[in-house]
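Novice: Here you go, sequence then predicted model.
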Amino acid sequence: MPAGGSKAGIILAVHTYSFFNEFLIILVVATVVALTFERFKLPTVLGYLLAGVVIGPRGLVLISDVERIRSLAELGVILLMLTIGIEFSFERLRGLKKIAVLGGGAQLLVSVILVSFLAGILRLSVTQGFVLGSVIALSSTAIVLKYLIERGELDSQHGRIAVAILVFQDLAFVPLLIAVQALTPGSEGVGPALLSAGIKAGLFIGLFWFLSRFVIERFLHWVAETRNREVFFLCTVVLCFGAAWLSAAFGLSMAIGAFFAGLMLANTKYSHQIAGEIVPFRHVFVSLFFVSIGLLFDPNFLLTHFGLILLIVGLVLTVNFVVTSLVVISVGYLPRVALMSGLILAQIGEFSFLLLEAARASNAIEPFLYQIFLSAAFLTIFATPFLFAASTRVAAFCERVPFLGKPVFGMLGKDTDLAAVDRSPLQGRVILCGYGIAGRDLAESLLKENVPLVILEMNPKNVSDAANSGAHVIYGDAANENIMKKAGIHSARAVVVSFGDMMGMGQIVRVVQRLNPKTFLIVRSRFERDVSHLYELGVDMVVMEELEVSLELNRLLLNTFKLSDKQIEEHLSRIRSRKELLVEQAIFRRLID
């Protein structure tokens with residue numbers, strides 16, 4: 001072999017080894033971080049970002065070629081957008097409530113306009129103002145959902161509102177990304193850039209609609225007939241990266257092309273198989289993307305400009321909190337719920353990093369602004385646990401303020417005042433908190449037996465349904481003393497909490513204990529771990545979902561094995577005895593306290 005060829009081969013081998021070495025370091029660190037953060041119930045995204053800082057060129061310098069890692073991370077973004085497209089559903093869009101469409105749209109629009117206005121005051125360009133407003137307006141879906149699930153607040157009023165707004169933000173991310181990438185320094189302005197991006201996106205979407213309608217389904221069916229998983233997977237990857245390349249040819253980003261490829265594949269009967277093949281690889285490259293963002297973070301820049309960055313963080317949290325709270329209040333929800341929603345959505349989200357990267361790549365923002373808002377995004381994400389803790393204190397404060405239990409602008413989409421005081425003398429009434437499926441069934445039984453009933457509900461649709469059923473209904477927060485007094489708590493025979501939100505339930509229990517500790521109080525608990533705490537608060541009876549499901553599963557399955565009724569009852573008694581022990585221990589602790 002010629003000496004030149006031998007030398008080139010050695011250089012290539014060294015280069016390949018170096019790349020593999022850095023890639024392996026990132027994967028090992030990402031794995032350790034994911035395990036550690038999961039053990040401490042922290043969002044792994046935070047760990048990936050922090051890991052990038054530690055191993056990066058401004059930390060331990062374990063990674064030297066940042067640009068090479070960035071190229072690999074872009075592959076992760078493509079796969080991320082592909083799976084988002086596959087998991088997207090138009091049914092999901094049609095199922096959004098007014099809070100998602102009106103609330104989410106208003107939150108996004110007001111945030112972008114307000115930040116653009118503030119940017120103008122600071123003598124930044126309209127383009128920079130639009131980019132920064134878009135970055136700030138997007139909250140973290142992954143982190144907020146993780147905390148809502150862990151705290152058992154996903155089904156709470158503020159949890160449902162947060163999820164609805166996050167869904168809208170996720171949908172709005174794609175057009176925002178297209179717009180940001182169109183805003184280059186040489187562009188004529190925001191308006192023409194958006195128009196140009198819209199025309200390109202329209203042509204691109206039209207082409208994809210044609211392919212999705214007439215080509216892709218037939219092509220995948222033809223590939224599936226080979227009954228070869230490897231061939232099917234390879235064809236899927238080719239479609240994904242082919243769409244990314246085509247998108248780049250249209251002047252859009254490769255990530256946008258991957259999203260529409262996923263959307264196209266989602267409309268086929270093979271979508272679940274494709275998602276199952278792609279998602280495991282997606283997690284690897286997505287972790288790589290967030291680690292690569294951490295590599296770009298400059299701790300020295302943070303320390304040098306700490307005062308300015310802290311001011312930006314304060315402005316970001318304030319703007320997001322105030323805008324989201326006012327928007328939620330304006331569409332008819334209670335101030336308590338609005339304040340809690342505003343707090344938990346105040347941070348900058350993971351999609352904002354993608355917008356920042358797109359703006360940096362297209363030179364839409366200067367490196368100084370990029371580092372400022374990258375640092376601010378870091379700090380707001382790390383502030384999320386404290387925002388959730390603050391939301392609990394806000395809820396406790398709102399319990400003691402009567403007007404915070406009433407909607408400021410009345411009920412959304414309802415002309416009649418269903419929140420009026422119940423004037424009928426219903427002595428020995430039952431107060432039912434929540435008119436979901438469980439509450440609806442219970443209300444129907446009580447009404448048929450002529451049991452005096454008052455329903456407290458905050459969902460406008462449920463309020464309307466309850467009113468149409470002939471029940472006495474009050475639109476308001478059961479955790480507010482003033483609302484509970486209007487419901488007639490002092491003469492109530494029983495109070496029933498039919499929903500499983502532990503935070504709201506605990507507040508309601510404390511209110512009932514203060515106003516009428518003698519009334520019979522029965523609540524619903526989703527998890528066994530919450531039962532002891534509820535009994536310690538003073539609840540008379542807890543219906544535990546896990547126990548009821550366990551009993552029914554045992555009964556149904558054991559019946560299929562032809563066991564006698566006595567044998568089945570022995571097993572059911574064993575399960576019931578565990579709950580009885582929990583109840584006895586909780587009541588004992590309540591008595592000695």
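Specialist: Sure thing, it's come through.

Novice: just the helices in the stretch 351-500 of the chain please.
Specialist: 367-382, 384-399, 437-448, 460-468, 481-486 (DSSP state H, counting those that start in this stretch).

Novice: Kindly reformat those as CSV containing mean pLDDT and mean neighbour count.
Specialist: Yep, even glycine has a C-beta here, placed from its N, CA and C like the rest. Output for the helices of the stretch 351-500 of the chain, formatted as CSV (pLDDT from 0 to 100; neighbours: other CB atoms under 10 Å):
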stretch, mean pLDDT, mean neighbour count
helix 367-382, 88, 20
helix 384-399, 81, 17
helix 437-448, 88, 16
helix 460-468, 82, 18
helix 481-486, 82, 20
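
Novice: which one of these lies closest to Asp530?
Specialist: helix 384-399 (15.4 Å; CB to CB).

Novice: still on that earlier bit, make JSON lines out of the helices of the stretch 351-500 of the chain and add distance to Ser139.
Specialist: Converted to JSON lines, those look like this (distance: least, CB to CB, whole Å):
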{"stretch": "helix 367-382", "distance to Ser139": "9"}
{"stretch": "helix 384-399", "distance to Ser139": "9"}
{"stretch": "helix 437-448", "distance to Ser139": "29"}
{"stretch": "helix 460-468", "distance to Ser139": "24"}
{"stretch": "helix 481-486", "distance to Ser139": "29"}
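
Novice: can you tell which of these is closest to His283?
Specialist: Of the helices of the stretch 351-500 of the chain, nearest to His283 by CB to CB is helix 367-382, at 19.0 Å.

Novice: For the closest one, C-alpha coordinates in CSV please.
Specialist: The C-alpha atoms that make up helix 367-382 are tabulated as CSV, following Å, rounded to 0.1, in the frame of the first residue of the first chain:
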residue,chain,number,x,y,z
PRO,A,367,-24.3,34.9,20.2
PHE,A,368,-24.6,37.2,23.3
LEU,A,369,-28.4,36.9,23.3
TYR,A,370,-28.1,33.2,22.6
GLN,A,371,-26.0,32.6,25.7
ILE,A,372,-28.2,35.0,27.8
PHE,A,373,-31.4,33.1,27.0
LEU,A,374,-29.7,29.7,27.1
SER,A,375,-28.5,30.4,30.6
ALA,A,376,-32.0,31.8,31.5
ALA,A,377,-33.7,28.7,30.2
PHE,A,378,-31.3,26.5,32.3
LEU,A,379,-32.2,28.4,35.5
THR,A,380,-36.0,28.4,34.8
ILE,A,381,-36.0,24.7,34.3
PHE,A,382,-34.1,24.1,37.5
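
Novice: if I pick Phe321, what's in contact with it?
Specialist: Going by CB atoms under 8 Å, 6 or more residues apart in numbering, Phe321 touches 342-343, 345-346.

Novice: of the helices of the stretch 351-500 of the chain, which approaches Leu515 most closely?
Specialist: When the helices of the stretch 351-500 of the chain are compared by CB to CB, helix 481-486 sits nearest Leu515, at 6.0 Å.

Novice: And the closest one, what does it pack against?
Specialist: Helix 481-486 makes packing contacts with helix 502-515 when contacts are defined by 3 or more CB pairs under 8 Å, 6 or more residues apart in numbering; DSSP states H and E.

Novice: and the helix or strand following the helix it packs on, which residues are buried?
Specialist: Beyond helix 502-515 on the C-terminal side, the first helix or strand identified by DSSP states H and E is strand 520-525. Neighbour-count burial for strand 520-525 flags 521-525 (criterion: 16 or more other CB atoms under 10 Å).

Novice: Tabulate those residues (JSON lines), appending distance to Ile329.
Specialist: Formatted as JSON lines, those follow (distance: CB to CB, whole Å):
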{"residue": "Leu521", "distance to Ile329": "30"}
{"residue": "Ile522", "distance to Ile329": "32"}
{"residue": "Val523", "distance to Ile329": "28"}
{"residue": "Arg524", "distance to Ile329": "28"}
{"residue": "Ser525", "distance to Ile329": "30"}
